[in-house]
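In: Predicted coordinates and the sequence they were generated for:
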Amino acid sequence: MLFRSAQGVVRYVVWQIGKETAGICVRFQTSATTLRVRWEVGPNLAMPHMPATGVSGLDLYAKTDTGWRFVNNGRPGSQVNEATFTPGQAPELCLYLPLYNVTKSVQIGIPAGESISPAPVRGKPIVFYGTSITQGGCASRPGMAATNIVGRKLQMPTINLGFSGSAWSEPELAHLLAELDPAVYVLDALWNMSPDMVRDNIPPFVRILRESHPTTPILLVEDCNIRNIVPTEMGTVLRKVYADLQQEGVPELYFLSAEGMLGPDDEGTVDGVHPTDLGFMYQAEAFVKALRPILGLH
């Protein structure tokens, strides 16, 4: 797990949520055209507004000449599960782990005589810090969380530090994020914060990151909402924080408006807040559009 030093430093609920495997994936190469996966998760397989396939399931993707294609979802029916995947010949495979459950073990089996090995490391990751939306609530399956979509579209590794209901942007979290060495930080925590918390917590959070990483880009993100109210009360405060930090001379600081982030209509969420797969696709497109120039990508 990331941040083995975090226990006893962050709030207990943050530590507990941090055990969930949102955004974690296994990238590997194999000569096998069929494989079997066995995985074990905690007892809470689903939520009232999020299916077991997203909370506790697995997604396998195969790399192609034009990007990544979805192979299939491993559907959980109990704490210990098995699923067979038939990706065919592929230069690389990516197995996404459950979004809202603790994954106790994962085993990948291939036929005798076939080979399997880790995929090459691609470079520095995009680090996302945020709320239940960042964590992936309420994607129908792991590959549809916005962070995972962004990773596939930009061909970059991502780290998902979404803490459902608990993203307060405390300094303890900033110091832990500063231990990483990412290509960019994406800070998207407003849904869990009050206007006062945005005003009081975001500036020191940014300064802590900047002290350890003088030139790493930091992207501040407004809270998206289905009614496309932009800016919200928190967003208004964030815009002021952004302007003040720019005036202060903080370099490589960027801002992403929530305008249209969940699409052109009101069909992008399950409950007015948490995106469906459609909402996550819209959100991912907004992230990709903002991140490409920041990262120098075409």
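Out: Perfect, thanks for sending it. Numbers count the residues shown, from 1 in each chain.
In: Can you tell me how far M47 is from D271?
Out: To D271, M47 is 11 Å away according to Cβ to Cβ, to the nearest Å. Yep, even glycine has a C-beta here, placed from its N, CA and C like the rest.
In: Then V121?
Out: V121 is 38 Å from D271, by Cβ to Cβ.
In: With E172 instead?
Out: When E172 is compared with D271 (using Cβ to Cβ), they lie 30 Å apart.
In: and what of E259?
Out: As for E259, its distance to D271 is 21 Å (criterion: Cβ to Cβ).
In: How about T34?
Out: For T34 relative to D271 (Cβ to Cβ), the value is 38 Å.
In: those strands in this protein, which residues are they?
Out: Remark: strands assigned in the chain by DSSP state E are 25-30, 35-41, 58-64, 67-74, 80-85, 93-96, 103-109, 116-118, 126-130, 158-162, 184-188, 218-221, 253-256.
In: and the third one, what's its mean pLDDT?
Out: Which is strand 58-64. Across strand 58-64, pLDDT averages out at 97.
In: same deal with stretch 135-142?
Out: For stretch 135-142, the per-residue pLDDT averages 98.
In: Quick check: bridge partners of V186?
Out: F128, L219 (DSSP bridges).
In: ok, now which ones touch the closest residue to T64 other than its chain neighbours?
Out: Counting by Cβ to Cβ, 6 or more residues apart in numbering, T64 lies nearest to A90, which is 7.2 Å off, once chain neighbours are set aside. By Cβ atoms under 8 Å, 6 or more residues apart in numbering, the residues touching A90 are 62-64.
In: Buried by neighbour count, from those: which ones?
Out: Buried residues within the contacts of A90, counting neighbours by 16 or more other Cβ atoms under 10 Å: 62-63.
In: between the contacts of A90, which is nearest V71?
Out: Closest approach between the contacts of A90 and V71, by Cβ to Cβ: A62, at 5.3 Å.
In: out of everything not next to it in sequence, what's closest to the closest one?
Out: A90 (3.8 Å).
In: One more: G263?
Out: Y282 (4.0 Å).
In: ok, the one you found touching D265?
Out: No. In this structure, Y282 is not within contact of D265 by Cβ atoms under 8 Å, at 9.9 Å.
In: Would you mind telling me which of these two has the busier surroundings?
Out: Regarding Y282 and D265, a neighbour count based on other Cβ atoms under 10 Å identifies Y282 as having more, with 21 against 10.
In: quick one, what contacts that one?
Out: 260-263, 268, 275.
In: Over to A83?
Out: If you count contacts by Cβ under 8 Å, 6+ apart, then A83 has 36-37, 58, 72-75 around it.
In: okay, G42: pLDDT?
Out: For G42, the predicted pLDDT is 97.
In: Stretch 128-143: which residues count as buried?
Out: Neighbour count says stretch 128-143 has 128-143 buried, by 16+ other Cβ under 10 Å.
In: which residues are in contact with stretch 46-54?
Out: 45, 55-56, 73, 75-77, 98-100, 136-142, 144, 270-271, 274.
In: So for A6, what's the pLDDT?
Out: 88.
In: separation between the residue lying closest to it once chain neighbours are set aside and I159?
Out: Residue nearest to A6 in three dimensions, not counting chain neighbours: L176, with 5.7 Å by Cβ to Cβ, 6+ apart. For L176, the distance to I159 equals 11 Å [Cβ to Cβ].
In: now E82
Out: 28 Å.
In: ok, now M144?
Out: Where I159 is concerned, M144 sits at a distance of 18 Å (Cβ to Cβ).
In: which one of the two has more residues nearby?
Out: Per other Cβ under 10 Å, whichever of M144 and I159 has more neighbours is M144, with 26 against 19.
In: so G88 touches A62, yeah?
Out: Yes. Using Cβ under 8 Å, G88 is in contact with A62, at 7.3 Å.
In: K289: neighbour count?
Out: Counted with other Cβ under 10 Å, K289 comes out at 10.
In: Please disregard the earlier target; I meant P231.
Out: If you count neighbours by other Cβ under 10 Å, P231 ends up with 17.
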